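Enquirer: Build me a structure from this.
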Amino acid sequence: MDPNSCNMHSHCVHMEIHQVVPPPHKSTLHKLNVRLKETFFPDDPLRQFKGKSLKTKIILGAKYFFPILQWGSNYSFKLFKSDLVSGLTIASLAIPQGISYAKLANLPPIVGLYSSFVPPLIYAVLGSSRDLAVGPVSIASLVLGSMLRQEVSPSQEPVLFLQLALTSTFFAGLFQASLGILRLGFIIDFLSKAILIGFMAGAAIIVSLQQLKSLLGITHFTKEMGLVPVMSSVFHNIHESIRKPKLFWVSAGAPLMCVIISTLLCFAIKAQNHGISLIGKLHQGINPSSWNMLKFHGSHLGLVMKTGLITGILSLTEGIAVGRTFAALGNYKVDGNKEMMAIGFMNVVGSSTSCYVTTGAFSRSAVNNNAGAKTAASNIVMSVTVMVTLLFLMPLFQYTPNVVLGAIIVTAVIGLIDIPAACHIWKIDKFDFLVMLTAFLGVIFISVQEGLAIAVGLSTFRILLQITRPKTVMMGNIPGTDIYRNLHQYKDATRIPGFLILSIEAPINFANITYLNDRTLRWIEEEEEDNIKEHSSLRFLILDMSAVSAIDTSGISLFKELKATMEKKGVELVLVNPLAEVIEKLKKADESNTFIRADNLFLTVGEAVASLSSTMKSQSTTTEEAHTIVPHY
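Expert: Numbering: from 1, shown residues only. Here you go, the predicted model:
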């Protein structure tokens, strides 16, 4: 019988032993090129240009950077009819929401309409989603207003506050566009789904509570965003709410109809004479230039850069998440990097045309999708509708009551509280639920940005924990096969006498070598204790490295230390299936061929056990023969 055909698990199978070979030699420059390509260009956007003529490459390049050329070349009247209906529908939502969200950001209401005119035009040219409806959103408005208000009062210094808001928008757009150009979109992935769910729920509650100022008619209201100061303002100034408008019920219903009806009623009864707070006169005309209002110097530069960074990340995350959601429903692809550039450029341009931070809003995008939008032209229709409103209809909004705007904000953000998603996270991952709860409570009881920062920090801590404490499991044999699996997961898996088989399920680097060394030695001590009870000895330590995707110089030293320690204990170190980068570095570190030998490397655990068992059996037979006494006659 072939000596490699039997293992120590009492069953014999024919098994061919395969050799572990290092990858083909490649230069350092080539490796760097591959690594950079996989990091920044995983979708390989240049592959569409291969083998094409210069003219075709120019056309494809133009369509890549300006998606409007791609869908615009096949545009038809049939598509326009669908986009017209969708555009008018989302405009009916964008107008009241734009005014409301501007007030949420402590900005003049007209700025919200400006932000619903220019940015959608930019996105229609550069964006890759046909469903994304662009404009101001509640979360970015809330964060922008709350962060700037910490240093500047919007009521006492309205001009400075507007300047800082526009400058923050510029930095937000610059940051977003830079992520797209440099293809660094993975940065926004640090905002996990759990963080966003908790953050949006907490923000929705804070936003809703902030609207008590308008809904109850309170004039002396706190400028802070926490739950405690907001509720204190309500109870300490409850006497003011007695003067709340008698027409409070008109805040129910569809946003635009609510605005129209309440405006007409307030005009008819001269509401300003009855204690009802109104928007007041709004400027008529399209967006004025605001480039001269951007402040790139002074004591508030740090504030606007920080505000731009945070609002930029939040709005970018929301916009891309919404775009990908509807792209999945519509079975088409959204390019994340192009979306980052589109959202970034529209905010940079918007900052110089009296607009504040904008992105793709979920509520408007859902309406856009349900209304049958076929292309990004629906954003153009919405923009034109807003332009008509700015040019001819602004006087009509003078009598719109603030209570209606407060109700619109509440109804818009209350949908951000996703209880089923929270329950699903609790069911799947308790730590994710803790992160979500941290974001939720942090936003409510501390502040928007600090609550978000704590949640991100907790998520980052989890990542660091996974890196520094990688999973290591003991493996056993599935009876009747040469398959080896986790002993704790597969109850029928059995341990092989004389073998300790461990699987390392993470990259090995300087951050986790101490843990891996300590954990491995503990496995060995426990195994030795068990062997004493069973009157057997440990002969081989097998490390399955199939899940070790990378290793650094510190990781190499781990194996050298383990090798030395095992030799002292009379145990042989065996490596199974080291991947290309790992085996290459191990070979380079062992030029004398004393550390990594061919008989210590195997492709599978099954082959390793079969071969080493055969070796043990041969050695045992030789020893027995050596001790046999042959009689002489």
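
Enquirer: Could I get the full set of strands for the stretch 501-633 of the chain?
Expert: 540-544, 572-576, 601-602 (DSSP state E, counting those that start in this stretch).

Enquirer: now for those strands, which one comes closest to residue 79?
Expert: For the strands of the stretch 501-633 of the chain, proximity to residue 79 was assessed by CB to CB; strand 540-544 is nearest, at 55.7 Å. Every C-beta, even on glycine, is put in place using the N, C-alpha and C of the backbone.

Enquirer: What helices and strands are in contact with the closest one?
Expert: Applying 3 or more CB pairs under 8 Å, 6 or more residues apart in numbering; DSSP states H and E, one finds that strand 540-544 makes contact with strand 499-504, strand 572-576, helix 605-626.

Enquirer: so residue 421 sits right up against residue 194, yeah?
Expert: No: using CB atoms under 8 Å, residue 421 is not in contact with residue 194; the gap is 9.0 Å.

Enquirer: ok, those two, which is more surrounded?
Expert: Taking other CB atoms under 10 Å, residue 421 and residue 194 do not tie; residue 194 has more neighbours (25 against 17).

Enquirer: Which helix or strand contains the more buried one?
Expert: Here residue 194, judged by DSSP states H and E, is contained in helix 193-210.

Enquirer: Quick check: buried residues in that helix?
Expert: 194-210 (16 or more other CB atoms under 10 Å).

Enquirer: does residue 492 really touch residue 478, like I thought?
Expert: Yes: if you go by CB under 8 Å, residue 492 and residue 478 touch, sitting 6.7 Å apart.

Enquirer: Looking at these two, which has the bigger crowd around it?
Expert: Between residue 492 and residue 478, residue 478 has the larger neighbour count (other CB under 10 Å), namely 15 against 11.

Enquirer: domain parsing for this structure?
Expert: Following automatic domain parsing, one finds the domains of the chain at 80-419, 471-623.

Enquirer: quick one: which of those domains is nearest residue 35?
Expert: domain 471-623 (10.0 Å).

Enquirer: Where among the domains of the chain is average confidence lowest?
Expert: Of all the domains of the chain, domain 80-419 carries the lowest average pLDDT, namely a mean of 80.

Enquirer: Can you tell me the number of residues neighbouring residue 85?
Expert: Residue 85 has 15 neighbours, counted by other CB under 10 Å.

Enquirer: what's the helix or strand for it?
Expert: Using DSSP H and E, residue 85 falls within helix 77-104.

Enquirer: packing partners for that helix?
Expert: By 3+ CB pairs under 8 Å, 6+ apart, helix 77-104 packs against helix 109-114, strand 134-135, helix 138-149, helix 255-269, helix 362-370, helix 377-388, helix 402-413.

Enquirer: closest one to residue 614 among those?
Expert: helix 362-370 (63.1 Å).

Enquirer: and the closest one, which residues are buried?
Expert: By neighbour count on 16+ other CB under 10 Å, the buried set for helix 362-370 is 362-369.

Enquirer: Could you point out the helix or strand that follows whichever helix in the chain runs longest?
Expert: In the chain, taking DSSP state H as the definition, the longest helix is helix 301-330. Remark: after helix 301-330, the chain's next helix or strand is helix 336-351, criterion DSSP H and E.

Enquirer: Show me what that next one packs onto, helices and strands only.
Expert: Using 3+ CB pairs under 8 Å, 6+ apart, helix 336-351 is in contact with helix 118-126, helix 158-181, helix 301-330.

Enquirer: got the angle between the longest one and helix 138-149?
Expert: Going back to what we said before, that points to helix 301-330. Helix 301-330 runs at 180 degrees relative to helix 138-149, counting by axes from the mean of the first three to the mean of the last three CA atoms, to 10 degrees.

Enquirer: Pull out the buried positions in helix 301-330.
Expert: So helix 301-330, judged by 16+ other CB under 10 Å, has buried residues 303-305, 307-320, 322-327.

Enquirer: returning to what we had before: any idea how far the helix holding residue 85 is from the chain center?
Expert: 28 Å (CA atoms, centre = their mean, to the nearest Å).

Enquirer: Buried ones in that helix, by neighbour count?
Expert: Neighbour count says helix 77-104 has 79-80, 82-84, 86-87, 89-104 buried, by 16+ other CB under 10 Å.

Enquirer: ok and that helix relative to helix 158-181, angle-wise?
Expert: Using the same axes, to 10 degrees: helix 77-104 against helix 158-181 is 130 degrees.

Enquirer: Helix 77-104 to helix 362-370, inter-axis angle?
Expert: Angle between the axes of helix 77-104 and helix 362-370 is 170 degrees (criterion: the same axes, to 10 degrees).

Enquirer: can you give me the angle helix 77-104 makes with helix 193-210?
Expert: On the basis of the same axes, to 10 degrees, helix 77-104 is oriented at 60 degrees to helix 193-210.

Enquirer: what angle do helix 77-104 and helix 377-388 make?
Expert: Helix 77-104 runs at 50 degrees relative to helix 377-388, counting by the same axes, to 10 degrees.

Enquirer: which of the helices and strands packed on helix 77-104 is buried the deepest?
Expert: When you average the neighbours per residue for each of those (mean count of other CB atoms under 10 Å), strand 134-135 leads with a mean of 32.

Enquirer: if we can go back for a sec, need the helices and strands packed on helix 77-104 in CSV with distance to residue 346, can you?
Expert: Output for the helices and strands packed on helix 77-104, formatted as CSV (distance: least, CB to CB, whole Å):
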stretch, distance to residue 346
helix 109-114, 13
strand 134-135, 7
helix 138-149, 13
helix 255-269, 23
helix 362-370, 15
helix 377-388, 10
helix 402-413, 21
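
Enquirer: For residue 485, which of these is the nearest?
Expert: helix 362-370 (43.0 Å).
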